[in-house]
Every structure is written in structure tokens, then in C-alpha cells.
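A.B. asks: Could you look at this predicted model? Sequence included:
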Amino acid sequence: MLSRSKWQIFAILFSLLGLGSARTGAQGAWYFLSGTSTEDTEKHYPSFLYTSDTRNKLRVVRQIVAGEHGVHSIHTYETVAFVAYPHLPPSSVSVVHLDTPNLADDILFNPKGDVVIDDRLAMAEPREHDVKELMWLVPPGNIPGGTVLSLAASVSGKGERILRDAWSEYSSLRFQGYPGGPVAASALLGAFEGDSIGIKFSNKYVVVDTIPRSISPSARRETPYYLVVSDAYLAFGILHALADLQSGALSKQTTETIYLHDRRANRWSTMTLEGTCSRTRIFGPWLATIRNLRTGQTITFHTGQEDSEILRVEGDIVLYRINDTIYQAKIVGDQLKDPTVVVKDEDVPEIHWAFWSK
């Protein structure tokens with residue numbers, strides 16, 4: 001996690017169970033995806049898929065989105081990425097398959113130029129390895145209307161990849177958090193109803209998870225936002241009130257309370273994050289934040305650079321970026337050992353995702 005107030009990276013271990021072997025020596029390669037979401041600004045950026053060469057420089061595998069079009073949003077899960085473009089309004093999605101990185105796979109989903117509601121962009125996994133992107137499209141000037149599109153990463157038996165009115169698929173929500181970059185992505189907003197947290201559209205409400213009665217009535221009257229959602233964990237915070245933002249009260253806060261559900265153990269807890277503007281991401285059993293939920297163990301490494309972020313935790317290997325350099329280190333106990341340079345290049349600051357592919 002990038003903590004902007006301290007210019008350092010923190011990582012938090014959910015569980016020591018299930019950590020695999022290191023990737024060092026295994027057959028395969030690291031792939032890197034660049035691109036910056038710019039839903040609400042005039043600036044726009046290209047997207048490239050890279051690997052590294054023998055000189056630790058970036059090698060372009062292919063261009064995903066051209067600079068003149070720009071990226072609207074990027075969502076990833078496991079070894080698939082959905083890159084929506086152009087930046088405003090988006091009309092197509094390029095699906096990046098890391099098992100076949102050279103394959104160009106584009107879906108035209110918005111030929112009429114409808115408005116995409118950014119705080120409802122997410123992914124779903126209705127069945128294991130059945131990854132989809134969810135988008136709420138609204139005709140201009142008709143906010144109460146619109147439909148949810150489900151875009152499938154792979155072709156079904158009937159050859160259908162776009163499903164309309166797919167509201168119910170939010171019940172299988174997947175959200176890996178907020179990447180780094182010069183522009184902050186829109187928060188994925190939720191809603192409370194009774195003893196549940198979900199996604200709400202006008203008069204439609206889809207349950208994502210149940211919440212314990214210990215969550216106070218005052219918190220339930222506020223708007224939650226999702227930090228991360230996987231099959232194993234769900235974490236959410238409470239959106240800051242507009243009055244607090246306008247009054248400057250938020251600037252006096254140094255921590256933020258997060259509610260976390262260990263879904264496999266069916267156990268809820270709270271945790272305290274340092275800062276109030278940090279970007280949180282989940283990587284398998286690791287959450288890029290400041291405390292171990294089960295043991296209190298932390299792995300902290302100081303970068304001295306604000307432009308720093310964790311790109312991947314794969315087995316016991318951590319990939320992290322400091323400005324124009326990507327490093328690989330090994331998790332040994334409560335420390336990172338033997339950092340090595342994976343790639344150093346002028347285009348590295350535009351990279352916010354890393355994948356291992358055989």
C-alpha cells in the first residue's frame with residue numbers, strides 16, 4: 001500500500017497458510033500492464049502489455065489501447081484484465097488473457113455512447129474461473145434508467161459474451177482494490193439494507209454479504225465503499241461525509257477504520273489503516289496495508305519515494321515498484337529478503353499491474 005503521508009510501502013499478511021513456492025527458477029515470465037484510468041478528466045493515457053528482456057528493460061508485447069483513444073478503466077482478476085476504452089465515453093473492452101498474451105480480444109459493448117456510471121464498475125465470478133466485468137450503462141439524461149451489462153472474459157457455449165440486465169451478478173462481486181497512478185479511481189460504492197451490505201441502483205438492491213449487528217446504527221446510516229472483495233475476504237470503509245471534506249476536519253485524521261470479513265471462517269473484525277487517502281489492494285492472502293489480521297505480524301519496507309506500490313504477491317515472491325524500477329524480493333518470516341531488479345525503464349512509472357504466466 002502506498003501511504004502518501006509517509007512515502008513508504010506496507011504489506012499485511014492475512015494467513016501463512018497456502019503460501020506457494022517462489023517463482024525464481026520456474027518456467028514462465030513476468031508480464032506488466034500499463035495504463036491509467038481517467039474517467040473524469042481530459043487527460044488520457046495509452047495501455048501496453050510488456051515483458052522484460054535480458055537487459056532488464058521493458059519489451060512491448062503489444063499495445064492494448066492507443067494514446068489518442070486513452071484508457072477509461074482497468075480491472076484485473078487472476079490472469080485476466082479488462083481494459084475499457086476510449087477514455088470518455090468508453091465503447092469497447094480489450095480483454096487481456098495472460099495465458100495467451102499475444103491474443104487481441106476486443107468487445108464492442110456501448111455503440112450508442114451511453115454513460116458508464118463509474119462507481120458501479122466491478123468484476124464478478126458467478127462460477128469458479130468464470131470472470132466477468134460489470135458495467136452500469138445509462139442513456140444520457142436518464143439516470144434512473146439504464147442497465148447492467150455483464151462482459152464475459154471467455155466465450156460461453158452459446159458464443160454469448162454480453163448479458164444485459166445482469167443485476168444479480170453483483171452478488172458474486174470481485175474487486176481487487178485501487179492501483180497507483182496520477183489519477184485516483186472512483187470508489188466502488190455500496191449500500192446497507194437491514195443486516196446486509198450490497199450494491200444499489202435506484203430501486204434495485206443486490207446483497208453482496210451479511211453484516212454483524214455489532215456494526216453501529218450510525219455507521220449503517222452512512223455510505224460504505226468497498227476496498228477489496230474476493231471469495232475469501234471482504235473489506236469496506238465508510239465514505240467521508242461531504243461536510244467533513246469541506247470543513248477540513250478530514251485533514252486532522254491520521255487513521256481510518258475498516259471492517260473486514262474473513263468469509264471462509266465467517267469472522268468479522270475491524271482494523272485501523274494509517275492515513276486517510278491510501279490505496280488498498282488484495283493479492284491472494286495478502287492485503288497491502290499495515291497489520292496482520294490473525295497474528296499482528298507486519299512486513300514493512302521503506303522506499304523513500306511517494307511513487308511506490310506493490311504490484312503482485314505470488315507465492316512467497318513480492319513484486320514492487322519504486323518510481324522507474326520494479327524489484328522482486330522473497331518473503332522470509334517477517335522480512336523481505338534478496339531484492340533484485342526485474343526491470344528498470346523510463347516507462348515503468350506507468351505500470352500498475354504485474355502477472356506471472358507460464
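C.D. replies: Great, that's in hand. Source: prediction; values computed, not measured.

A.B. asks: mind listing what's buried in stretch 318-332?
C.D. replies: Neighbour-count burial for stretch 318-332, counted by 16 or more other Cβ atoms under 10 Å, picks out 318-322, 324-331. For the C-beta atoms, the positions are set from N, CA and C on the backbone; glycine is no exception.

A.B. asks: can you tell me the distance between the two ends of it?
C.D. replies: 11 Å (Cα to Cα, to the nearest Å).

A.B. asks: what is the rounded mean pLDDT of it?
C.D. replies: Mean pLDDT, stretch 318-332: 93.

A.B. asks: Same check on stretch 201-217?
C.D. replies: 93.

A.B. asks: Convert the C-alpha atoms of it to PDB, please.
C.D. replies: Extracted in PDB, the C-alpha atoms of stretch 201-217 (Å, rounded to 0.1, in the frame of the first residue of the first chain):
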ATOM      1  CA  PHE A 201     -29.300   1.200  -8.200                       C
ATOM      2  CA  SER A 202     -32.400   3.400  -7.900                       C
ATOM      3  CA  ASN A 203     -35.000   0.900  -6.600                       C
ATOM      4  CA  LYS A 204     -32.800  -2.200  -7.100                       C
ATOM      5  CA  TYR A 205     -30.700  -3.700  -4.400                       C
ATOM      6  CA  VAL A 206     -28.300  -6.700  -4.600                       C
ATOM      7  CA  VAL A 207     -27.000  -8.300  -1.500                       C
ATOM      8  CA  VAL A 208     -23.200  -8.900  -1.500                       C
ATOM      9  CA  ASP A 209     -22.700 -10.000   2.100                       C
ATOM     10  CA  THR A 210     -24.400 -10.100   5.500                       C
ATOM     11  CA  ILE A 211     -23.000  -7.800   8.300                       C
ATOM     12  CA  PRO A 212     -22.900  -8.400  12.000                       C
ATOM     13  CA  ARG A 213     -25.200  -6.500  14.400                       C
ATOM     14  CA  SER A 214     -22.100  -5.100  16.100                       C
ATOM     15  CA  ILE A 215     -21.700  -2.600  13.300                       C
ATOM     16  CA  SER A 216     -23.300   0.500  14.800                       C
ATOM     17  CA  PRO A 217     -26.600   2.000  13.600                       C
END
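
A.B. asks: In a markdown table, list the buried residues of stretch 318-332 along with distance to Ala219.
C.D. replies: Formatted as a markdown table, those follow (distance: Cβ to Cβ, whole Å):
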| residue | distance to Ala219 |
| --- | --- |
| Val318 | 33 |
| Leu319 | 35 |
| Tyr320 | 33 |
| Arg321 | 35 |
| Ile322 | 36 |
| Asp324 | 41 |
| Thr325 | 41 |
| Ile326 | 39 |
| Tyr327 | 39 |
| Gln328 | 40 |
| Ala329 | 37 |
| Lys330 | 39 |
| Ile331 | 34 |
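
A.B. asks: partner strands of the top strand by length along the chain, parallel or antiparallel?
C.D. replies: Identified as the longest strand of the chain according to DSSP state E is strand 335-344. Paired neighbours of strand 335-344 in the sheet (DSSP bridges): strand 325-332 (antiparallel).

A.B. asks: Give me the residues contacting the partner strand.
C.D. replies: For strand 325-332, contacts defined as Cβ atoms under 8 Å, 6 or more residues apart in numbering pick out 19, 22, 24, 32, 299, 311, 313, 316-321, 336-344, 348, 351, 354.

A.B. asks: where along the stretch 101-250 of the chain do the helices fall?
C.D. replies: 217-220, 242-247 (DSSP state H, counting those that start in this stretch).

A.B. asks: which stretch in the ones you listed has the least confidence?
C.D. replies: helix 242-247 (a mean of 63).

A.B. asks: and the following helix or strand past that one, what other elements does it pack with?
C.D. replies: With elements assigned by DSSP states H and E, the helix or strand that comes after helix 242-247 is strand 255-262. With contacts taken as 3 or more Cβ pairs under 8 Å, 6 or more residues apart in numbering; DSSP states H and E, strand 255-262 sits against strand 233-238, strand 267-274.

A.B. asks: For the chain, give me the ranges with low pLDDT.
C.D. replies: 1-26, 39-41, 143, 156-158, 242-252, 275-278, 289-290, 292-298, 301 (pLDDT under 70).
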